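quick one, structure for this:
(chains A and B, ligands or ions: 2)
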Amino acid sequence: MGTAAQGEARSRAWRLWITSGPGLFWIVLFLLIPSGVMLGIAFFTNSDFGSPVLPLSLDSFSQVAGYGILGWSGANFTVLLRSLLQAGVATSVTILLAYPLVFFIVTRPASLRPVLLLFAIVPSWTNQVVRTYAWMELLNPFAPVSHVAQVLGIIPPHLGLMPGNFAVLVGLSYNYLPYMVVPLYAAAEKLDWTLVEAGRDLYASGARLFFNTVFPQTLPGLLSGIILVGIPAFGDYVVPQLLGGDKAMMLGSLIADQFTFSPDWPYGAALTLIMLVFTCIGLIVFRRLTQRLGGGEGAML
Amino acid sequence: MMPGAVMMPAGPEKVTAARGAISLSHITRIFAGSIPAVDHIDLEIQAGEFFTLLGPSGCGKTTLLRMIAGFETPDEGRIVISGREMQDVPAHQRAVNTVFQSYALFPHLNVEQNIGFGLRMRGVRKPERKKRVDAMMELLQIGPFAARNAGQLSGGQRQRVALARALVNEPEVVLLDEPLSALDAKLRAELQIELLRMQKRLGMTFIFVTHDQHEALVMSDRIGVMSNGRLQQVGPVLDVYEKPRNVFVAEFLGLSNIWAIEPLGGGMAAAPIGVLKIAAVIGVARMAMIRPEKIWIYNDTHAPQGRENVFPGTVREAIYMGASTQYRIELGGGGFILALDTNNQAAERSWRPGEAVAVELKPENIMLVEA
Ligand SMILES: Nc1ncnc2c1ncn2[C@@H]1O[C@H](COP(=O)(O)OP(=O)(O)OP(=O)(O)O)[C@@H](O)[C@H]1O
Ligand SMILES: [Mg+2]
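Ligands and ions are numbered 1, 2, ... in the order given. Model prediction:
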C-alpha cells in the first residue's frame, strides 16, 4: 500500500545518505568550500600586500583577460594555450608510449605481468619534485645529452635541452606515464583475444586489425588515461617551474606566482577559476565521449 | 599479395587440387605440459563436402579447427587447403571463415556491421556489401534485430549473426564450431536445412562440430569421431553408425549393447548373455555389438521356434520416447539388454515392466568391434 511504499522510499533515501555521506562530506569540505572561497576572493580588490580587500570588483578578471596598467597583453592567452598544448602533446606522448608497453606486458606470461607493471609504476612512488630534479640533471646545458644535441646542431652551443618547452614536455610525459599505463593495462588485461582472432578470420591484419578489434576494447581505459594524464598535466606546477623557465610558463606556475612572488590573491583566484572551468569542460566532453563509445562501463570518472 | 586479398584457388605449388579440398597429415598440437590435444590426425576432406566432427568435450575438436583457420600452429604435420600448403599463410589470408564456439561478435558494432565486416576488410564496395548482407540476414531471419548492438542479443540470435558473418564471405571452407547449439528445436531444424542448402548451392566445404548425434546424422556427408585428440573412425554417416570400428565409437554414437566374446568356432561365440551365432567372420575380434533398434521383441508365447539367438527375458524398464519405446530387459541367462521398438502399433506391440518376453538378435545384425 501507499504507506509501505513510502516507508520503502524513505529507507532507501536513508541508505543513500549513509552510503554517500562520507564522500559527500569530503567533497563539500575539500572541494566545494575552498572553491567557493576562491570564487569569493576573485571578486575582491587587490591590496598593496597582495591580499584581498574590499570593495568588490571585476578587476582580477580583466587582468586575466590581459588588461593591465600597461594596456592589453596577450601573455595570459599564450600561457593558457601553451598549457593546453603541452597537456595535449604530453598526453599523446604517454599514449604512444603506453600502448606498446602495455601490450608488451599483457602478452608476457601471467606470472610475470604484475612485476613488469610494477616496474612501470614504481617511479611514480618517489616525489615528483625529486624526479623532476633528475631530469634537470639529465637535460641541463652541461649534461651529455645536451652536448650531443649541441653537436648535432639541434640546439645552439652553450644552451641546454632545459630550460624550455621541450624539457617541460619530457617532464610531463615522464611524470604522468604511469597514469596512462595503469588504466590502459586494466583494459588490455581483460581484452577478449577471440575478437582479435575473429578479425583475422575476417581478413583484417596489421593496423586495420588493431583499430577494428584491439582499439575499441581498450577505448574505455584510454579515455580514463587521457583524463588522468591530461587534467593534472594541464595544471601542473612543479614541472614547468623547474624545467620550463620564463619562456615555457604554464598556468600552474602563473597561479602559484600570484600567491607567492607577486602576490595578488584576487588575480590568482580568478586564474584558478579559469583553470577549473577548462578542466570541467574537458571532463564533461570526455564523459560524453565515454558514454557514446564505451557503452557506459569503463572510464573511471 | 594485396592487403586483404584472399588466397587464390591454385597456389604457387600448382597442385591441381579442387578449390576447398582440405588435406591434413600427421597434425599434432601439444600444449605446454599436457598430453596432445590433437594427436597425429590424417584426414582428407573433399571439396564441397559436409564433414562433421563428433567427440566428447575436450577431445580436441576446437583445437583442430583453430589450426585449419590459422590461429594455432601445429607442432607437427601439414595442412593443405585447395592444394596450397598453409604453413606460411596467416589466418587473414586463408579463404577460411570460422563460426566461433563463443560467437566472438564485435561488441562495438551492430549486427549489420558485424556481418559486413569481412566484406569491408576485403574492400567490397558499400552497395554490393549491403546487398549481400541483407540477403544473408533475410536467409537467417536476422532482419528484426539488424540495428541492435551485438551485446543486446540472445544466445540464439548471436549464433545466427555469427553464422551470417562467416557465410556472407562465401569462403572456400567454413569451420563451424557448434553453430546451432543455442537454438530452439524448431529454428534449429530450419537452419539445419538452410545451412545444407547454402552449402550445396555455393559448393563450400563445411567442417562442422556438434555434440548432437542426430544433427550429425542428418546433415553430414561424412563424419569423424574423435577422442583424446585422435580420430577413431571416419566415414559416411551410415557406415560409422552401422559398423562402428570400436567400442568408443559404438558407445559415443547412438545406443548399443556391447559384450566381450569368446569364439567357439563355426560362427558361434560365447557372450555373457549366452552363446551367440554371428554372421560376420569372427577372426580375432573379441567384442560384439548390436544396436537396440536391431533387436526383435516377442511375447514369450510367440517366440520364434528353432531360430538362433532367441533369449527369454523379463521387461524391467520401459521408457516411452514418443516415436519409440526403449526397453531394458533382464535375460534369463543373466545380464541385461537394451532394445528399442517403434510405436507403430502401440496396443499390440508394447510391453510393460514385469512382462515376460523373448528377444531375437539376428546374426547379421551383430557387429564385431575392437576394444
Ligand atoms: N590454449 C590452450 N592451452 C592449454 N591447453 C589447451 C588450450 N586450448 C585447449 N587446450 C586443451 O586441449 C584439449 C582440447 O581442447 P579443445 O578446446 O580442442 O576441445 P573440444 O573438443 O573443442 O571441447 P568442447 O567440446 O568442450 O568444445 C583440452 O584438454 C583443453 O584443455
Ligand atoms: Mg570446442
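
pLDDT averaged over the helix or strand that contains B:Val161, what's the number?
Assigned by DSSP states H and E, B:Val161 belongs to helix B:155-167. Helix B:155-167 comes out with an average pLDDT of 90.

hmm, it in reach of chain A?
Yes - using Cβ under 8 Å from any Cβ of the partner chain, helix B:155-167 comes into contact with chain A via B:Arg165, B:Ala166. Every C-beta, even on glycine, is put in place using the N, C-alpha and C of the backbone.

give me the buried stretch members for that helix, please.
B:Gly156, B:Gln157, B:Arg158, B:Gln159, B:Arg160, B:Val161, B:Ala162, B:Leu163, B:Ala164, B:Arg165, B:Ala166, B:Leu167 (16 or more other Cβ atoms under 10 Å in any protein chain shown).

what packs against that helix?
Here helix B:155-167 touches strand B:96-99, helix B:111-121, helix B:126-139, strand B:173-177, helix B:185-202, going by 3 or more Cβ pairs under 8 Å, 6 or more residues apart in numbering or on different chains; DSSP states H and E.

which SSE is immediately downstream of the longest one?
The element immediately downstream of helix B:185-202 (helix or strand, assigned by DSSP H and E) is strand B:205-210.

then that following strand to PDB, C-alphas only?
Coordinates of each C-alpha in strand B:205-210 appear next as PDB, following Å, rounded to 0.1, in the frame of the first residue of the first chain:
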ATOM      1  CA  THR B 205      33.400 -27.200 -47.800                       C
ATOM      2  CA  PHE B 206      32.000 -27.400 -44.200                       C
ATOM      3  CA  ILE B 207      33.700 -28.700 -41.200                       C
ATOM      4  CA  PHE B 208      31.000 -28.900 -38.600                       C
ATOM      5  CA  VAL B 209      31.400 -29.600 -35.000                       C
ATOM      6  CA  THR B 210      28.500 -30.800 -33.000                       C
END
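
now that strand and strand B:173-177, what's the angle there?
0 degrees (axes from the mean of the first three to the mean of the last three Cα atoms, to 10 degrees).

interface residues of chain A facing chain B?
Neighbours of chain B within chain A, by Cβ under 8 Å from any Cβ: A:192, A:194-195, A:197-206, A:208-209, A:212-213, A:216-217, A:219, A:293, A:295.

pull out the buried members of the residues you listed.
Buried members of the residues of chain A next to chain B, scored by 16+ other Cβ under 10 Å, are A:194-195, A:197-205, A:208-209, A:212-213, A:216-217, A:219.

related to what we said a few turns ago, among the helices and strands packed on helix B:155-167, which is nearest ligand 1?
strand B:173-177 (7.1 Å; Cβ to the nearest ligand atom).

follow-up on the earlier one: among the residues of chain A next to chain B, which lie within helices?
Counted as lying in helices by DSSP state H, out of the residues of chain A next to chain B, are A:194-195, A:197-201, A:206, A:208-209, A:216-217, A:219, A:293.

how about those in JSON lines, adding distance to ligand 2?
As requested, these are exported to JSON lines (distance: Cβ to the ion, whole Å):
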{"residue": "A:Thr194", "distance to ligand 2": "12"}
{"residue": "A:Leu195", "distance to ligand 2": "17"}
{"residue": "A:Glu197", "distance to ligand 2": "14"}
{"residue": "A:Ala198", "distance to ligand 2": "15"}
{"residue": "A:Gly199", "distance to ligand 2": "20"}
{"residue": "A:Arg200", "distance to ligand 2": "18"}
{"residue": "A:Asp201", "distance to ligand 2": "16"}
{"residue": "A:Gly206", "distance to ligand 2": "29"}
{"residue": "A:Arg208", "distance to ligand 2": "28"}
{"residue": "A:Leu209", "distance to ligand 2": "24"}
{"residue": "A:Pro216", "distance to ligand 2": "26"}
{"residue": "A:Gln217", "distance to ligand 2": "23"}
{"residue": "A:Leu219", "distance to ligand 2": "30"}
{"residue": "A:Leu293", "distance to ligand 2": "32"}
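
most widely separated two among the residues you listed?
Spanning the widest gap among those are A:Asp201 and A:Leu293, at 24.4 Å by Cβ to Cβ.

just give the nearest non-adjacent residue to residue 213, would you?
Reading this off chain A. Using Cβ to Cβ, 6 or more residues apart in numbering or on different chains and skipping residues adjacent in sequence, the residue nearest A:Thr213 is A:Gly199, 3.9 Å away.

nope, chain B
Closest residue to B:Gln213 apart from its sequence neighbours, by Cβ to Cβ, 6+ apart: B:Leu253 at 5.6 Å.

go ahead and confirm the one you found touches B:Thr52.
No - under the criterion of Cβ atoms under 8 Å, B:Leu253 makes no contact with B:Thr52, lying 10.9 Å away.

what's the overlap in contacts for these two?
B:Ala216 (Cβ atoms under 8 Å, 6 or more residues apart in numbering or on different chains).

which residues does the helix or strand A:Gln150 falls within contact?
Per DSSP H and E, A:Gln150 falls inside helix A:144-151. Residues outside helix A:144-151 that contact it (Cβ under 8 Å, 6+ apart): A:Leu138, A:Leu139, A:Asn140, A:Ile155, A:Pro156, A:Pro157, A:His158, A:Leu159, A:Gly160, A:Leu161.

in whichever helix or strand comes after that helix, what's buried?
Downstream of helix A:144-151, the next assigned helix or strand under DSSP H and E is helix A:165-189. Neighbour counts over helix A:165-189 (16+ other Cβ under 10 Å) mark A:165-188 as buried.

again, but for stretch B:251-262
Neighbour counts over stretch B:251-262 (16+ other Cβ under 10 Å) mark B:Phe252, B:Leu253, B:Gly254, B:Ser256, B:Asn257, B:Ile258, B:Trp259, B:Ile261 as buried.

quick one: average confidence on it?
Averaged over stretch B:251-262, pLDDT sits at 91.

which one's the longest strand in chain B?
Longest among the strand segments of chain B by residue count, using DSSP state E, is strand B:310-320.

the closest residue to ligand 1 within chain A: how many residues sit nearby?
Nearest residue of chain A to ligand 1, counting by Cβ to the nearest ligand atom: A:Trp193, 10.3 Å away. By the criterion of other Cβ atoms under 10 Å in any protein chain shown, A:Trp193 has 14 neighbours.

can you check B:Pro272 too?
Each residue near B:Pro272 was counted by other Cβ under 10 Å, and the total is 12.

before we move on, what about A:Gln128?
18.

now swap in B:Ile22 and tell me
When neighbours are defined as other Cβ under 10 Å, B:Ile22 has 24 of them.

distance check, the closest residue to it other than its chain neighbours against B:Arg222.
Excluding the flanking residues, the one nearest B:Ile22 by Cβ to Cβ, 6+ apart is B:Ile45, at 4.2 Å. Distance, B:Ile45 to B:Arg222, by Cβ to Cβ, to the nearest Å: 8 Å.

what touches both of those two?
Listed as contacting both B:Ile45 and B:Arg222 by Cβ under 8 Å, 6+ apart are B:Phe51.

more neighbours, those two?
Neighbours were counted for B:Ile45 and for B:Arg222 using other Cβ under 10 Å; B:Ile45 has more, 23 against 17.

check what pLDDT the closest residue in space to A:Gly171 that isn't next to it in sequence gets.
Nearest non-adjacent residue to A:Gly171, counting by Cβ to Cβ, 6+ apart: A:Val239, 3.9 Å away. On pLDDT, A:Val239 comes in at 83.

let me know whether A:Val239 touches A:Leu169 as I believe.
No - the pair A:Val239 / A:Leu169 is not scored as a contact, 9.1 Å apart, by Cβ under 8 Å.

count the residues that sit near A:Pro232.
18.

is it in a helix, a strand, or coil?
Reduced to three states with DSSP: H, G, I helix; E, B strand; the rest coil, the structure at A:Pro232 is helix.
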